[in-house]
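Visitor: Okay, predicted coordinates and the sequence, questions at the end:
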Amino acid sequence: MVAVSELVTTVVSAPIRPARTGATVVAAACAAAAVLVRNGVSGWSLVESAAAAVLVWLAAIDLETRLLPNRITLPATGVLLAASLAVGPGAFLEHTLSALLAGGFLFAAAAIRPGDLGMGDAKLALLLGALLGTEVLGALVIGFCLVAAAGLVLLAVDGRAALKRHLPLGPFLAAGALATLLLG
C-alpha cells in the first residue's frame, strides 16, 4: 500500500515546468515556428506546430526529472486525436491506430524490462502516434538511433562506467518526431 501511495505522490507532484523555463519557451517557440515555416499555415500544421512546442517542453522536463508528466502527455494525446477527427474519419482511424500501436509497443517493452524503459515513454509514444499517424515508425527509428549514438559517445568518453548510466528516452523520441515533422 505504501508503494502505491508513493507512486501517486510522485505522479501528482511531477513538475509540469522545467527549471530553465525561459530557454525552454524560446526553444519551443523556435520548433513551433520551424514546423509552420516548413509545412505552411493550415489547420493541421497549426496542430503540428503546437505539438512541436509541447514535445520540446516534455523533453526539457524529462532531461531534468526523468519523468514525462501524465498531466501533459495524456491531454495532449486527446487533443491530437480530436484534431485528427476534425480532419476526417480516415485521419482519425490512422492516428488512433498508430497511437495504440506505438504506445503498445513501448508499453510491452517497458513491461518486459521494467526500470529500463518507463511508462512515460510509452505514453509519449502514444502521443507521437496521435500526432504523426503512420509516420510514427520513422520517428521512433530516428529516436532510437539517436539514443544509441548518444550511448556510444558516452561509452567512448566514460568507458565501462557509461554502462551504469541511464539516458532519458523522451528527448530522443521528441527529437525523432521533430525531425519527422521537419523533414518528413
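Guide: That came through fine. Numbering: from 1, shown residues only.
Visitor: Find the nearest non-adjacent residue to F92, please.
Guide: Of all residues not flanking F92 in the chain, L85 sits nearest, at 4.2 Å (C-beta to C-beta, 6 or more residues apart in numbering). For glycine as for every other residue, the C-beta is placed from the backbone atoms N, C-alpha and C.
Visitor: May I ask which helix or strand encompasses the one you found?
Guide: L85 is part of helix 70-87 when elements are defined by DSSP states H and E.
Visitor: for that helix, packing partners?
Guide: Counting contacts by 3 or more C-beta pairs under 8 Å, 6 or more residues apart in numbering; DSSP states H and E, helix 70-87 packs against helix 43-65, helix 89-112, helix 119-132.
Visitor: Run a quick neighbour tally on the residue nearest to F92.
Guide: L85: 14 surrounding residues under other C-beta atoms under 10 Å.
Visitor: pLDDT score for it?
Guide: The model reports L85 with a pLDDT of 92.
Visitor: Same question for G115.
Guide: Here, the pLDDT recorded for G115 equals 79.
Visitor: got it, and the one 4 residues further on?
Guide: Confidence per residue is given as pLDDT, and for M119 that number is 93.
Visitor: what do you get for A34?
Guide: The confidence metric pLDDT takes the value 97 at A34.
Visitor: pretty sure it contacts A53?
Guide: No - assessed by C-beta atoms under 8 Å, A34 is found out of contact with A53, at 10.5 Å.
Visitor: Looking at these two, which one has more neighbours?
Guide: Neighbour totals were compared for A34 and A53, and A53 leads with 19 against 15 (other C-beta under 10 Å).
Visitor: Just want to check the distance between that one and S98.
Guide: 21 Å (C-beta to C-beta, to the nearest Å).
Visitor: Could you check how many residues crowd around A179?
Guide: A179 has 15 neighbours, counted by other C-beta under 10 Å.
Visitor: which SSE is it in?
Guide: With DSSP H and E as the test, A179 turns up in helix 170-183.
Visitor: Average pLDDT for that helix, rounded please.
Guide: Mean per-residue pLDDT for helix 170-183: 97.
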